[in-house]
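**Student:** Prediction below, plus the sequence it came from.
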Amino acid sequence: GSGWPLEGGTSGGFFMYHAENNQAFVGLIVDLNYANPYVSPFDEFQRLKHHPVLKQYLEGGKRVSYGARAIAKGGFNALPEMTFAGGLLIGCNAGTLNFAKIKGTHTAMKSGMLAAESVFDAIKGGCSGGKQLESFNTAFKASWLHDELYRSRNFGPAMHKFGPYLGGAFNFIDQNIFGGKLPITLRDDHEDYAQMRPAKEFTPIDYPKPDNVLSFDKLTSVFLSNTNHEENQPCHLVLKDSSVPLSKNLPLYAEPAQRYCPAGVYEIVESEAGEASFQINSQNCVHCKTCDIKDPAQNITWVTPEGGGGPNYPNM
Ligand SMILES: Cc1cc2nc3c(=O)[nH]c(=O)nc-3n(C[C@H](O)[C@H](O)[C@H](O)COP(=O)(O)OP(=O)(O)OC[C@H]3O[C@@H](n4cnc5c(N)ncnc54)[C@H](O)[C@@H]3O)c2cc1C
Ligand code: SF4
């Protein structure tokens, strides 16, 4: 489903999967091109669970896990060069998810199969490594994967450019009548971070308090992600300029990291003397990569932490 609770130009949609042992997976996808810095995807998700359609399944249940992940859904138009000397970018590393279906498992698998076949052929042909596997590009272009991604290339840009109604109508015609082969290509030509507007243009959103039945707070949710990081390691959330959060992001955007991070990693804390500081609780990070994408100053770089740390999702 799509729409509520997202409003004011913020788009996205929710899903609910029924699983074995009477379990349900419920989630909300929030497009990261939203403009309002007061939007909190975590709190939108908490609101969502109160909708009668979901409530009927969730009420009386027990929260067993929590997680968050940015979905690479730029699709065909956003695919990078997938080959480089000695390596290949495949699956969601490259961005092979089909946004029209919001499905990326079959496409990631196919890109992996094409990669394996190219590597196998190269080794069989005497290659000892370090080469750029052009054969992968040829195989990719000839595959159903390329065709599927090409046909869905307009889906996301149409929604972003024309909105859900006109964009939906365009997509209906493009997908169902022309099979994704309309002779035009729409593109998303603005980065998600650049779409954020100054806080003074909006009113802070008053999210309801969690009822601890259907909705919960961030910290107890993060606990259920089983995220874990070895202590005594450099912070894996690297600021290019440590002054930016307080000098730029706070006055301009009310430091949106406090809200877009679904794990409460970023906090503005005030000392007793009333002095503000920017605190990074990196041990809480659930590796969603939203900060790397959405920070309006592009000042945060997510790097792989030491020791294989991160969330540990059961049943996934
Ligand atoms: C909430 C959500 C719901 C989704 N629902 C669907 C759906 O219903 N159907 C569908 O088809 N697709 C769905 N997708 C998309 C799908 O999950 C992805 O497209 C798919 O998993 C991509 O596969 P992948 O192998 O490329 O990457 P991943 O599945 O992300 O696998 C990458 C692996 O690499 C590991 N890794 C990362 N860094 C390192 C490192 N430094 N060292 C070692 N290991 C590392 C990760 O832990 C991970 O296990 C969904 C995605 C999300 C986030
Ligand atoms: S710190 Fe960044 S990657 Fe980690 S949970 Fe928060 S937004 Fe996601």
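**Tutor:** Sure thing, it's come through. Ligands and ions are numbered 1, 2, ... in the order given.

**Student:** switch to C-alpha atoms for all contacts and neighbour counts from now on
**Tutor:** Noted.

**Student:** Enumerate the residue intervals of the protein where per-residue confidence is below the cut-off.
**Tutor:** Where the chain drops to pLDDT under 70, the residues are 315-316.

**Student:** quick one: the strands in it?
**Tutor:** Using DSSP state E, the strands of the chain run over 12-19, 23-30, 83-84, 87-88, 237-239, 266-270, 276-280, 300-302.

**Student:** quick one: which of the ones you listed is nearest ligand 1?
**Tutor:** Taking CA to the nearest ligand atom, strand 23-30 is the member of the strands of the chain nearest to ligand 1, at 6.3 Å.

**Student:** Could you find the closest non-adjacent residue to the residue nearest the centre of the chain?
**Tutor:** When CA atoms, centre = their mean is applied to the chain, the residue found nearest the centroid is residue 70 (1.5 Å). Spatial nearest neighbour of residue 70, chain neighbours left out: residue 288 (5.3 Å); criterion: CA to CA, 6 or more residues apart in numbering.

**Student:** so how far is ligand 1 from that neighbour?
**Tutor:** Separation of residue 288 from ligand 1 (CA to the nearest ligand atom, to the nearest Å) stands at 9 Å.

**Student:** got a list of what that residue touches?
**Tutor:** Residue 288 makes contact with 68-70, according to CA atoms under 8 Å, 6 or more residues apart in numbering.

**Student:** Please apply the same query to residue 237.
**Tutor:** Applying CA under 8 Å, 6+ apart, we find residue 237 in contact with 280, 282, 300-303.

**Student:** which residues does it bridge with?
**Tutor:** residue 302 (DSSP bridges).

**Student:** how far away is it from ligand 2?
**Tutor:** Residue 237 is 7 Å from ligand 2, where distance means CA to the nearest ligand atom.

**Student:** likewise residue 71?
**Tutor:** 12 Å.

**Student:** Same check on residue 293?
**Tutor:** From residue 293 over to ligand 2 (counting by CA to the nearest ligand atom), the distance is 9 Å.

**Student:** Give me the nearest residue to that residue, chain neighbours excluded.
**Tutor:** Among residues not flanking residue 293 along the chain, residue 193 sits closest, at 6.3 Å (CA to CA, 6+ apart).

**Student:** Would you check how far apart the one you found and ligand 1 are?
**Tutor:** Using CA to the nearest ligand atom, residue 193 is found at 19 Å from ligand 1.

**Student:** From what I see, that residue and residue 291 are in contact.
**Tutor:** No. At 9.5 Å, residue 193 does not count as touching residue 291 under the criterion of CA atoms under 8 Å.
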